[in-house]
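Participant: Build me a model from this:
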Amino acid sequence: MKSFENKVAAITGAGSGIGRALAWHLARQGCHLALSDVNVEGLRETAEQARKLGVTVSEQRVDVADRAAVEAWADQIVVEFGRVNAIFNNAGVAQGGTVEGNDHADYEWIMNINFWGVVNGTKAFLPYLKNAGQGHVINVSSVFGLFSQPGMSAYNASKFAVRGFTESLRQELDMANCGVSASCVHPGGIRTNIAKTARMNDSLAKVTGQAAEQARQQFNDQLLRTTPEQAAKVIVNGVLANKRRILIGADAHVLDWMQRSMPALYQRLVTLSMRLAARFAPRPRNAGKASEATE
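Facilitator: The predicted model follows:
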């Protein structure tokens, strides 16, 4: 696609963060929107502001882990709008904890949303994108879909899976020459609520030297540099340029370079830096309880 004007885009996780910023950025370009989230209040706020920009907007509570719900949503969009040209599989959650400290349920929970949510959205919308004759699948991975870190095995696994799935999809679409393409998005530190609302358990203290809440606060204070609005602009420009991989933020570019130039050595460097950080981190007074997040 060379333009989003008068196109129809579906966005998951549109109630806040990058999803909300994408909705507003696309609306300013004259793109009609079908928005979803599990956060109904946030979703309503996004939709109301988008309508003020003069485009048609629908909103629907959808749990992306529910395949039937995603399929029904895609069907509904085509009935309402007559077509759909882009699906932004943006909804996601985060989880922190060591492999030993995590339960099987932690991995199942995050994979159901971060990976299966992307699969569900892609497969539900792909036939409709092809029918439209012009379309794009945009799957949001992470810098942690390129670069691993201790204490993030569940999140790394889900985002690496999104990357592999999307890169394979893009190759298939290239071969089919069907008018539909795909891009994988790798944001670095974006100022959204995903870190604030992440599930974390105190096994994370083994690698950070901090209780879960302290680690969460440090992450927010030191690593979240790019605004959702900046991220949305980079993503949309990347889609219009038909990029295979869309990196967001200087941190994403640096970590991508490190992984590609030193795929084994970077792991040792990360381990060393985490050990030093844990050694000099303020010791937690009380172990915090695990907290939960939704999309």
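Participant: What is whatever helix or strand residue 268 lives in packed up against?
Facilitator: In the assignment (DSSP states H and E), residue 268 maps to helix 265-280. The helices and strands touching helix 265-280, judged by 3 or more C-beta pairs under 8 Å, 6 or more residues apart in numbering; DSSP states H and E, are helix 205-208, helix 250-261. Bear in mind the C-beta positions are built from the backbone N, C-alpha and C, glycine included.
Participant: Tell me how far stretch 9-27 lies from the chain's centre.
Facilitator: Counting by C-alpha atoms, centre = their mean, to the nearest Å, stretch 9-27 is centred 11 Å from the centre of its parent chain.
Participant: Determine how far the last residue of it lies from the first.
Facilitator: End-to-end span of stretch 9-27 (C-alpha to C-alpha, to the nearest Å): 10 Å.
Participant: Also stretch 78-98?
Facilitator: Using C-alpha to C-alpha, first and last residues of stretch 78-98 are 43 Å apart.
Participant: buried set for stretch 73-85?
Facilitator: 73, 74, 77, 78, 81, 83, 84, 85 (16 or more other C-beta atoms under 10 Å).
Participant: Excluding sequence neighbours, find me the nearest residue to the first one.
Facilitator: For residue 73, ignoring the flanking residues on the chain, the nearest one in space by C-beta to C-beta, 6 or more residues apart in numbering is residue 62 at 5.0 Å.
Participant: List the contacts of the one you found.
Facilitator: Residues counted as contacts of residue 62 (C-beta atoms under 8 Å, 6 or more residues apart in numbering) are 12, 36, 37, 38, 69, 70, 73.
Participant: Quick one: neighbours of residue 10, just the number.
Facilitator: Applying other C-beta atoms under 10 Å, we find 29 residues neighbouring residue 10.
Participant: Assumed it was part of a strand.
Facilitator: Yes. Judged by DSSP: H, G, I helix; E, B strand; the rest coil, residue 10 forms part of a strand.
Participant: Tell me who's in contact with it.
Facilitator: 33-36, 73-74, 77, 84, 86-88, 121, 125.
Participant: I figured residue 117 hits residue 90, correct?
Facilitator: No. Shown here, residue 117 and residue 90 do not form a contact pair, counting by C-beta atoms under 8 Å, at 9.4 Å.
Participant: Where does pLDDT dip in the stretch 101-250 of the chain?
Facilitator: For the stretch 101-250 of the chain, residues meeting the criterion pLDDT under 70 lie at 191, 193-197, 208-224.
Participant: Helices of this protein, residue ranges please.
Facilitator: 17-28, 40-51, 67-81, 104-110, 116-132, 153-176, 205-208, 212-223, 228-240, 250-261, 265-280 (DSSP state H).
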